[in-house]
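Participant: coordinates only, sequence not included:
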């Protein structure tokens, strides 16, 4: 018997790339993907024609089945500020109650892998951030539904491991971008690319000196597949996964302006609680995944992503945004709480 | 029509003192107390004879009723390390899913008050801790189910306020002690008193230099009733409530040794991740509750608590500890994860 695998959020940006990798496994004979199309998109999986893949449209926190899985990969969550700030309760439910439900769906001895985030570090006071850094998150702030539900889900899984011995793998991802990001995602790279291809006006918040470590999705998913199922690793996490080349937001915007004729910058007021910096300490990642490196620099990654966006945006990408598609040029002064973020 | 009030955890230590205060209200005509007797104790409410009080034995996260309440006071949670470390998932459910369920039970415009904790500050790097301090909690550590579920519940309520306008009051409590603490509670004051009255051997961990700000329950509940319902306050929190006189654990132990003939100290190895210090910055509290002060020093508070413990312990207090009653003298080297804490 081959493995049974469950992926929550498998129609999402990172989720669909994970599904692409899972499909290549020869030791798996059933793959159930659960997604509610909140931020996931049906067409992200449409290219897959594999009888082992079964799709269920459901919220992961209430998904029910009698099946039990050898591996569960829990990715269901919005990851972009305007999305989670619109629906904070739903964000907390997806992450935390989703994780609880995922654990219930494991066979005894099964493994749950969870995508946590560099947002657990909040606006960090040290750089780069090692996994031992306890972070600086405002648990009452406008980003907290995401940051705190990721922190609390880490706690849930580590405490389940301590008390029941459950097998866990927890990664903290740093600013992943690339093809299959929603054009209306709201984070910097996708915003800038969407804007460059439509209005031409790239909105840069707060001077753009905020820096991030931009991880191209192929590099990140290379690490995830090794950590979640390919390599023989006992370390439960947390494991930073990202590109440790830290680049200010303004440099990304300027690079895109160079690439797209007619594109220009528009400087806007800062976003509340936008972290000033973020860079992974990858010491542990390099020990755990020997030979792995984030190989794709932002220049190459952005060119590839631009090509994908150009195809999608030009032909009108599908979207299920709950309010009119909110590219950042539409963010008004009256809605500062829904303004886009830099990450 | 008078107010309808719901209290979760109302048979617990702080909860039962809150119920005593609520019963004095003339503007309330129904008080529903929900408690599952996990750490709450039936006899904490037995002295109350009031037809407005209705008790329901239930978990707050699954409590169902068609009634809706003007005020909900959400206190359900273990607060002592050995209790929440034994059942971390249940701790997270009580706090976070409990809060979600409490919110569902409010009338439109109703108010939810929530007891958060100084544990949101973790092992703080600044002293005293103002509400703006973002804390230093290890979200993967053995105390995290409590710390992170309190943080995430704060997030849930603040984000509900931001997105729906719900009326919230959030306090962060610092090391409350006093009558009706469980003898098997596991925290420093109750441990020392139980030990002094039984084995005579007070177990002090890690040298006892860890300092805490010990808040006598009457003082703390004075502040809570003003903030939760008596005073006309718009501030949603978070509000530190405590006694800002910071005293090392060893001083508390020595004081009890002086009070109880035959009592003596036993020095033990440190507890993992026991915070080194904790002291509330009360600037905001004094502005919000003019005239309020924690009036009872630890000497007076401990004498009063000792008297209560002497009556209870000597006649054999009721307990529903899931493992044999774990006074700290029973903590063995083989079970360091269940060792008692200083707070």
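Facilitator: On my side now, so go ahead. The structure displayed is predicted, hence computed values, not measured ones.
Participant: burial of residue A:274, as a residue count?
Facilitator: Using other Cβ atoms under 10 Å in any protein chain shown, residue A:274 has 18 neighbouring residues. All C-beta atoms are positioned from the backbone trio N, CA, C, and that covers glycine.
Participant: what is residue A:266 paired to in the beta sheet?
Facilitator: residue A:203 (DSSP bridges).
Participant: Could you measure from it over to chain B?
Facilitator: Here residue A:266 is placed at a distance of 27 Å from chain B (Cβ to the nearest Cβ, to the nearest Å).
Participant: Need the pLDDT of that residue.
Facilitator: Looking at residue A:266, its pLDDT is 97.
Participant: how about it, what does it touch?
Facilitator: A:201-204, A:329 (Cβ atoms under 8 Å, 6 or more residues apart in numbering or on different chains).
Participant: Among the residues you listed, give me the pair with the biggest separation.
Facilitator: Farthest apart among the contacts of residue A:266 by Cβ to Cβ are A:204 and A:329. That separation is 11.5 Å.
Participant: quick one on the thing from earlier: and the least confident of the contacts of residue A:266?
Facilitator: residue A:329 (32).
Participant: thinking again about what came up before, so between residue A:204 and residue A:329, which is more surrounded?
Facilitator: When neighbours are counted by other Cβ under 10 Å, residue A:204 and residue A:329 differ, and residue A:204 comes out ahead with 23 against 18.
Participant: Make sure the more buried one is actually in contact with residue A:252.
Facilitator: No - with contacts defined as Cβ atoms under 8 Å, residue A:204 does not count as touching residue A:252, sitting 9.2 Å away.
Participant: Give me the phi and psi angles of residue A:273.
Facilitator: phi 60, psi 30 (degrees, to the nearest 10).
Participant: Can you give me the distance of it to residue B:155?
Facilitator: 13 Å (Cβ to Cβ, to the nearest Å).
Participant: Please say which of these two ends up with more neighbours.
Facilitator: Legend: neighbour count by other Cβ under 10 Å for residue A:273 and residue B:155, higher for residue B:155 (29 against 16).
Participant: wait, the more buried one sits on residue A:92?
Facilitator: Yes - Residue B:155 is within contact range of residue A:92, at 7.3 Å (criterion: Cβ under 8 Å).
Participant: intersection of neighbour lists for these two?
Facilitator: What both residue B:155 and residue A:92 touch, as defined by Cβ under 8 Å, 6+ apart, is the set A:145, A:148-149.
Participant: top of the residues you listed by neighbour count?
Facilitator: Result: residue A:148 is most packed of the shared contacts of residue B:155 and residue A:92 (other Cβ under 10 Å), 36 neighbours.
Participant: How about the contacts made by residue A:141?
Facilitator: When contacts are taken as Cβ under 8 Å, 6+ apart, residue A:141 is in contact with A:272-273, B:158.
Participant: give me that answer again for 7 Å
Facilitator: Neighbour list for residue A:141: residue A:273 [criterion: Cβ atoms under 7 Å, 6 or more residues apart in numbering or on different chains].
Participant: Need phi/psi at it.
Facilitator: phi -90, psi 180.
Participant: and the helix or strand hosting residue A:149, what other elements does it pack with?
Facilitator: Take DSSP states H and E as the rule and residue A:149 turns out to sit in helix A:144-164. Here helix A:144-164 touches helix A:88-92, helix A:98-104, strand A:106-117, strand A:167-173, helix B:88-92, helix B:144-164, going by 3 or more Cβ pairs under 7 Å, 6 or more residues apart in numbering or on different chains; DSSP states H and E.
Participant: again, only using 10 Å
Facilitator: Contacts defined by 3 or more Cβ pairs under 10 Å, 6 or more residues apart in numbering or on different chains; DSSP states H and E place helix A:144-164 against helix A:81-86, helix A:88-92, helix A:98-104, strand A:106-117, strand A:167-173, helix B:81-86, helix B:88-92, helix B:144-164.
Participant: Quick one, which of those gets closest to residue B:299.
Facilitator: helix B:81-86 (25.2 Å).
Participant: Any residue of that closest one touching chain A?
Facilitator: Yes - contact of helix B:81-86 with chain A (Cβ under 10 Å from any Cβ of the partner chain) involves B:84-86.
Participant: Closest one of these to residue A:228?
Facilitator: residue B:85 (28.1 Å).
Participant: pretty sure the closest one contacts residue B:186?
Facilitator: Yes - the pair residue B:85 / residue B:186 is scored as a contact, 9.3 Å apart, by Cβ atoms under 10 Å.
Participant: quick one, which of these two is more surrounded?
Facilitator: residue B:186 (30 against 24).
Participant: Tell me how far the more buried one lies from residue B:123.
Facilitator: 19 Å.
Participant: The residue nearest to residue A:90 when sequence neighbours are not counted: how many residues sit nearby?
Facilitator: With Cβ to Cβ, 6 or more residues apart in numbering or on different chains as the measure, residue A:38 is the residue that lies nearest to residue A:90, at 7.3 Å, once sequence neighbours are left out. Number of residues near residue A:38 (other Cβ under 10 Å) recorded here: 19.
Participant: you'd agree residue A:38 is in a strand?
Facilitator: No - according to DSSP: H, G, I helix; E, B strand; the rest coil, residue A:38 belongs to no strand; its state is coil.
Participant: contacting residues for it?
Facilitator: A:9, A:11-12, A:59, A:76-78, A:83, A:87, A:90-91, A:94, A:320, A:322 (Cβ atoms under 10 Å, 6 or more residues apart in numbering or on different chains).
Participant: what sits against the residue nearest in space to the middle of chain A?
Facilitator: By Cα atoms, centre = their mean, the mean C-alpha position of chain A lies nearest to residue A:79, the distance being 5.3 Å. By Cβ under 10 Å, 6+ apart, residue A:79 lies in contact with A:9, A:12-14, A:39, A:91, A:115, A:117, A:119, A:146, A:150, A:173, A:175-176, A:181, A:185-187, A:343.
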